[in-house]
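Colleague: only geometry, no sequence info:
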């Protein structure tokens, strides 16, 4: 029996650095679950829900933006899904796993290929391999096809920090001057749309499936690198787009470039997470328009929602004993943190996600339990070293990828659910609803509120077959292996990279100021400074990786 009811999911992927492996694992299972649901409905013995699920938008920042771009390519191809205990997927049939687990590694990031190509201080780490990974992700095996659960067009937002900025002018009432009150916007987003038959929305660069890996697809890969360009650590990117992209937007007035703006408009870009690490509002506005709280967000009528995949959900970390130093260096460091935190301050968005009777916002974040059922102290291995920890060993990234799959399965089974009174399930009989009730870990039927606060049995938005719903335990062999971190090799690479960067700084950046002191500066670098800096870096690395030694210890009840 046909069912024309539809639920739309906007997927938001937050910044994650090396924990992009976790987000990639979530997407791996989500693709498998949606494919499985649509395939199961075709079987004569299917007795479950038959409503449609559509994904019309992907929005990502930093590592989440990179995963969004790879996912958009995967949406057009068959995929070999990664399982615990096996590493048999081919790169061309699972770019999510290949890119985030096999390819990206500290060994490549501490290389010096970038310095051989260009003697300049661009980034602390070698970003050369990142373009190879990003462009390689466009090349997949097998014919392209359109999945029934992918919307046409599929909108893609990749946040970037636009260091050039876009100027806006305001004619303030009551002023006698003809000049505008000006301000500059640096919180930007590159917009793409995968289009099969539909036209791309205005301001979105079209991505035609038959063009991949050519056409505008390399622009998507370049934008993915830009959103992941962690400041100082990774190389910034120069992006280019038509100036018209900034005009006639429904969500913003036209900019004020003066007499004539540059066309195409080029700008240096760094990490999108710097200013917009969790681009909820981009996906929400695409789904809901200008309605902050749409009428169809209650339990009985909800038909659209954004799902945020966030490996590092912000925690309250207020230090009551923090030192309030007024010295220059501490103040400068605190100013940077304050600007980033203020740009990410979005209480209105998250207050709606906090509401138990609002079904327009959901979140998937890392969760891991011991054999006794208690939450572990550390959920993901990549959380160490400020999010860079996953780069130091493939086993860290593999574990986090598999945990992403595991957490996504749990989310779909227990949390992405609506009251059975929702119109999505109107075509189901009472017996069918009873058979498909969502159950908590203890086996009890999960009950969720409607807009009036009345509790009802819950039904899944993405129903899963019994095979897909079955848990995939992460075996010992797939746990993080900190003893495998090659500290001696890393120390050598760190020392060589520091020496190379220091030499370039002396010759190219500071040469005209040092004059006759250039040679003494090089001697200090060679015989003292590089070793002192290497020791500091290695102390930071070894200390940062230390928590992985008690990775399976319990934390919260």
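Modeller: Structure's in. What do you need? These numbers were taken from a predicted model, which means no experiment stands behind them.
Colleague: how long is stretch 442-461 end to end?
Modeller: 21 Å (C-alpha to C-alpha, to the nearest Å).
Colleague: correction: stretch 196-211
Modeller: For stretch 196-211, the end-to-end distance is 11 Å (C-alpha to C-alpha).
Colleague: what about the closest residue to residue 195 other than its chain neighbours, which helix or strand?
Modeller: Once flanking residues are discounted, residue 195 sits nearest to residue 153: 4.5 Å by C-beta to C-beta, 6 or more residues apart in numbering. In this view, the C-beta of every residue, glycine as well, is placed from N, C-alpha and C. Assigned by DSSP states H and E, residue 153 belongs to strand 150-170.
Colleague: go through that strand and flag the buried ones.
Modeller: Applying a neighbour-count criterion of 16 or more other C-beta atoms under 10 Å, one finds 150-151, 153-162, 164, 166-169 buried in strand 150-170.
Colleague: for the top helix by length along the chain, buried residues please.
Modeller: Looking across the chain with DSSP state H, the single longest helix is helix 20-40. Residues of helix 20-40 classed as buried by neighbour count (16+ other C-beta under 10 Å): 20-37, 40.
Colleague: can you name the element that comes right after it?
Modeller: strand 52-60.
Colleague: note down every partner strand of that following strand and its orientation.
Modeller: strand 6-13 (parallel), strand 150-170 (parallel) (DSSP bridges).
Colleague: can I get these in CSV including mean pLDDT?
Modeller: Converted to CSV, the strands paired with strand 52-60 look like this (pLDDT from 0 to 100):
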stretch, mean pLDDT
strand 6-13, 96
strand 150-170, 93
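Colleague: out of these, flag the one nearest residue 90.
Modeller: Closest to residue 90 of those, according to C-beta to C-beta: strand 150-170, at 22.6 Å.
Colleague: neighbours around residue 213, how many?
Modeller: Neighbourhood size, residue 213 [other C-beta atoms under 10 Å]: 15.
Colleague: so it, which of the three states?
Modeller: coil (DSSP: H, G, I helix; E, B strand; the rest coil).
Colleague: that one contacts residue 144, correct?
Modeller: No. Contact criterion C-beta atoms under 8 Å: residue 213 and residue 144 do not qualify, at 11.2 Å.
Colleague: from residue 439, how far off is residue 415?
Modeller: 12 Å (C-beta to C-beta, to the nearest Å).
Colleague: sorry, back to before: let me see the contact set for the residue nearest to residue 195.
Modeller: Applying C-beta atoms under 8 Å, 6 or more residues apart in numbering to residue 153 gives the contacts 56, 193, 194, 195, 196, 198, 199, 200, 201, 204.
Colleague: same thing with residue 435?
Modeller: Contacts of residue 435 (C-beta under 8 Å, 6+ apart): 47, 48.
Colleague: pLDDT score assigned to it?
Modeller: Residue 435 is assigned 95 on the pLDDT scale.
Colleague: try residue 179
Modeller: Note on residue 179: pLDDT of 64.
Colleague: ok, residue 259 next?
Modeller: 73.
Colleague: now the helices for the stretch 451-557 of the chain?
Modeller: Along the stretch 451-557 of the chain, counting by DSSP state H, counting those that start in this stretch, helices occupy 466-469, 487-504, 511-514, 518-524, 530-545.
Colleague: again, but for the stretch 51-200 of the chain
Modeller: Using DSSP H, counting those that start in this stretch, the helices found in the stretch 51-200 of the chain span residues 63-74, 95-97, 106-109, 113-117, 128-136.
Colleague: ok, now how distant is the residue nearest the centre of the chain from residue 232?
Modeller: Closest to where the C-alpha atoms of the chain average out (C-alpha atoms, centre = their mean) is residue 64, at 1.3 Å. According to C-beta to C-beta, residue 64 and residue 232 sit 20 Å apart.
Colleague: ok, residue 389 next?
Modeller: Taken as C-beta to C-beta, the span from residue 389 to residue 232 is 18 Å.
Colleague: pick out whichever of the two has more residues nearby.
Modeller: When residue 389 and residue 232 are compared on other C-beta under 10 Å, the one with more neighbours turns out to be residue 389, at 28 against 13.
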